[in-house]
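*Asks:* requesting a structural model of the entry that follows:
(2 chains)
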Number of protein chains: 2
Amino acid sequence: MRNETPDLPRRMLMGPGPSEVHPRVLAALARPTLGHLDPAFVGLMDEIVQMLRQAFQTTNQLTFPVSAPGSAGMECCFVNLLERGDSVVVCANGVFGMRMKENVERCGATPIMVEDPWGAPVDPDKLRAALKANPGVKTVAFVHAETSTGVRSDAAALCAIAREFGALTIVDTVTSLGGIDVNVDAWGADAVYAGSQKCLSCPPGLSPVTFSERAAARVKARRTKVQSWFLDLSLVMGYWGDGKGGGRTYHHTAPINALYGLHEALLMLREEGLEQAWRRHAVTHRALVAGVEAMGMKMKVDAGVRLPQLNLVEIPAGVDDAAVRRRLLNEFNLEIGSGLGAWAGKVWRIGLLGRSATPAYVLGCLTALEAVLHSAGAPIQLGRAYGAAHAVLTA
Amino acid sequence: MRNETPDLPRRMLMGPGPSEVHPRVLAALARPTLGHLDPAFVGLMDEIVQMLRQAFQTTNQLTFPVSAPGSAGMECCFVNLLERGDSVVVCANGVFGMRMKENVERCGATPIMVEDPWGAPVDPDKLRAALKANPGVKTVAFVHAETSTGVRSDAAALCAIAREFGALTIVDTVTSLGGIDVNVDAWGADAVYAGSQKCLSCPPGLSPVTFSERAAARVKARRTKVQSWFLDLSLVMGYWGDGKGGGRTYHHTAPINALYGLHEALLMLREEGLEQAWRRHAVTHRALVAGVEAMGMKMKVDAGVRLPQLNLVEIPAGVDDAAVRRRLLNEFNLEIGSGLGAWAGKVWRIGLLGRSATPAYVLGCLTALEAVLHSAGAPIQLGRAYGAAHAVLTA
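*Replies:* Predicted coordinates:
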């Protein structure tokens, strides 16, 4: 084993996350560690909570970052809202919907599946039919932005249907928060989780969550203890505070330096403005699509449901998926994502997440991809992708 | 809310953790983020696993850092090893033993308590009696280094007794790993968890764990799924690898930059050498005790069971606990810990954890404490603590 500190490459991160982390955020990670009950740190926590509320567009008091990656944020929502024996409607149109099903089962609850094919959004009519057919369901779960397929579902519509039937909603916004409109209060969503390493452009490891008053009331009314001590909201909130300046109680030791990074990333998002960030994602997305199509390749999902921040491109016939990704990484320091599950080997997932959604990344990605595909013998006319994307970016 | 990046104080961290983080580790956190499946990162993961095995003194293949703080490492051990209906002997002699009990209950298992008073180590005879009285118990859990009381229990003896009765052991080494001898293989311990922010002197947020082959076999033989998807060993290990160069499968997105920090902290521990690190903790501990006693104060627990890295000092009668800690923080940038639970207001917890275990920190802490107590009217003769500690350090 080498004994010195590693000399790491600097990649262009254009996979499904982590995304580009700004030097300001990297520098924030290296601030001196404080104690988790230090008044100087507690002030920072309050600011993180305020800025998360702005990002989620909510006034929910119960808003904080779970001290672990997005999968733990997902689990935090399920273990707190469900009790053994519950029935839960889970809408699945990709990998992360199926992970929700896993979570429901591991809580000792029964998932009622509303399935849509990969590439399609969740169908609101199917959700309504499932709730009609299963009276007594108290919880509906769905993914706003499916990271495996690059598809956006209509969160407002799905939440409205759930409310009609008196069910609370668990919503995955891991890939959407900061990249497209996530409006927790307007949706009336109840338990919402996200990830730090997507459109917030922070390193992975934290999962912002927010809970409505209805969700908080359900947690309070539980008959049984939450199966996870680490993720038990009633305990965690003793540390994150009641939002009214109340005392902080030690629960677990918070990941101080990671939280410095999140604080800085949220500050940068606030400086840019949510709507400007969404516009930046939209424009770079259109430029990427123009370039991809100029190369004669196809986007995998319909334009109407595409996520600007996660672009699924069909791998042309005869092209070696892994070899192309390896050359992009080794020759251009460029990471793009592979397909998951049923779409492994069939698509690339090109992320324009957070700080990766820049003209330079779009143009760099397109020209690198063009060069590698051309050199591998694909019928590509060099320069067309650049031209098409550039036209969009300068329009 | 302020709009600029915060100007944080630089504290001397001498509470129960987090501990002093070396500038090399802080700088490592700020390395450019890589993808969690990037070959350049995977090499680093393998090195982390190797160095964790050295720190734990084990050859266990199943060794890796859980992507969350120590409480999640604890939960990882319990949810993987227990199934609903199991009976588990939990030895409790402080706060963290009681947290183990919570974990057992939340797994749907039954805790059989072996309790010892605060300040005493776990009594091996009581454990033996409990196992005799409860045949069929398959798991014994205890804390090696109780962070609430500063007491060390005899891990080798407790593991041996458990083995005699065919039970596997879950051992909390959160505060011990890197500070005193933790010898997983010599103990024959089965599921062991630690924390990054104690004697490894890394920021909080990661929990190294290691599992014996017996523990791995039990996980493989489970009748039911692990109740936590995030902490399910059979899934997590698909990402951390089989130790034989096998492929990595995406499970959750690992906290890349936090792992850079752990890598660097483990490198520094290896450079110093485990035994030298233990000696450093022992010497600074003796110096601290000499100074505390020279001030006329008393250590809370017996010398024979004291943890060198966590020192419980009785608060002298008439002294205002919170006021003293506030003055230490505001006037000296020095953090020491308060008492927990039954000992709140009765003791201070002074940590000499990892990089905080230095002569400068011991002398700085003693002179600051002396000055504050003296100024508050306590019958302290200035200069005596410094002299006593200095004599030990230069002996």
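
*Asks:* quick one: pLDDT of A:C77?
*Replies:* Note on A:C77: pLDDT of 98.

*Asks:* now do the same contact list for it.
*Replies:* A:I170, A:A191, A:V192, A:Y193, A:V209, A:F211 (CB atoms under 8 Å, 6 or more residues apart in numbering or on different chains). All C-beta spots, glycine's among them, are computed from the backbone N, C-alpha and C.

*Asks:* do the same with A:A368
*Replies:* Residues near A:A368 by CB under 8 Å, 6+ apart: A:L328, A:E331, A:F332, A:L334.

*Asks:* which stretch of helix or strand covers the second one?
*Replies:* Taking DSSP states H and E as the criterion, the element that holds A:E331 is helix A:321-332.

*Asks:* now do the next helix or strand after that helix: distance to the chain's middle.
*Replies:* Following helix A:321-332 in sequence order, the next helix or strand is strand A:334-338 (DSSP H and E). Computed by CA atoms, centre = their mean, to the nearest Å, the chain-centroid distance of strand A:334-338 equals 17 Å.

*Asks:* now what about the helix or strand following strand A:334-338, what contacts it?
*Replies:* Following strand A:334-338 in sequence order, the next helix or strand is strand A:347-351 (DSSP H and E). The contact list for strand A:347-351 (CB under 8 Å, 6+ apart) reads A:13-17, A:19, A:147, A:150, A:198, A:288, A:300, A:309-315, A:321, A:324-325, A:336-340, A:365.

*Asks:* now narrow those to whatever sits close to chain B.
*Replies:* For chain B, the contacts drawn from those by CB under 8 Å from any CB of the partner chain are A:L13, A:G15, A:G17, A:L340.

*Asks:* what's opposite the residue nearest to the second one when sequence neighbours are not counted in the beta bridge?
*Replies:* Leaving aside its sequence neighbours, A:G15 sits nearest to A:G337 (CB to CB, 6 or more residues apart in numbering or on different chains; 3.5 Å). For A:G337, the beta-bridge partners under DSSP bridges are A:R349.

*Asks:* distance between the helix or strand bottoming out on mean pLDDT in chain A and the chain's centre?
*Replies:* The weakest-scoring helix or strand in chain A, judged by mean pLDDT, DSSP states H and E, is helix A:233-240 (a mean of 90). Relative to its chain's centre, helix A:233-240 lies at 23 Å (CA atoms, centre = their mean).

*Asks:* which elements pack onto that helix?
*Replies:* strand A:62-66, helix A:213-220 (3 or more CB pairs under 8 Å, 6 or more residues apart in numbering or on different chains; DSSP states H and E).

*Asks:* now the helices: where do they sit in the stretch 251-395 of chain A?
*Replies:* A:256-272, A:274-294, A:321-332, A:359-375, A:384-393 (DSSP state H, counting those that start in this stretch).

*Asks:* mind giving me CSV with the ones you listed and columns for mean pLDDT and distance to B:D86?
*Replies:* Below are the helices of the stretch 251-395 of chain A laid out as CSV (pLDDT from 0 to 100; distance: least, CB to CB, whole Å):
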stretch, mean pLDDT, distance to B:D86
helix A:256-272, 98, 34
helix A:274-294, 98, 48
helix A:321-332, 98, 44
helix A:359-375, 97, 51
helix A:384-393, 98, 59
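
*Asks:* looking at those, which is buried most?
*Replies:* helix A:256-272 (a mean of 23; mean count of other CB atoms under 10 Å in any protein chain shown).

*Asks:* that one near chain B at all?
*Replies:* Yes - Helix A:256-272 is in contact with chain B by CB under 8 Å from any CB, via A:I256, A:N257, A:A258, A:G261, A:H263, A:E264, A:L267, A:E271.

*Asks:* any idea how far A:F64 is from A:M74?
*Replies:* Remark: distance between A:M74 and A:F64 (CB to CB, to the nearest Å) = 15 Å.

*Asks:* tell me which of the two has more neighbours.
*Replies:* A:M74 (29 against 25; other CB atoms under 10 Å in any protein chain shown).

*Asks:* that's a strand at that one, yeah?
*Replies:* No - using DSSP: H, G, I helix; E, B strand; the rest coil, the assignment for A:M74 is helix, not a strand.

*Asks:* coming back round to it: of the contacts of strand A:347-351, keep whichever come out buried.
*Replies:* Neighbour-count burial (16 or more other CB atoms under 10 Å in any protein chain shown) is assigned, among these, to A:13-17, A:19, A:147, A:150, A:198, A:288, A:300, A:309-315, A:324-325, A:336-340, A:365.
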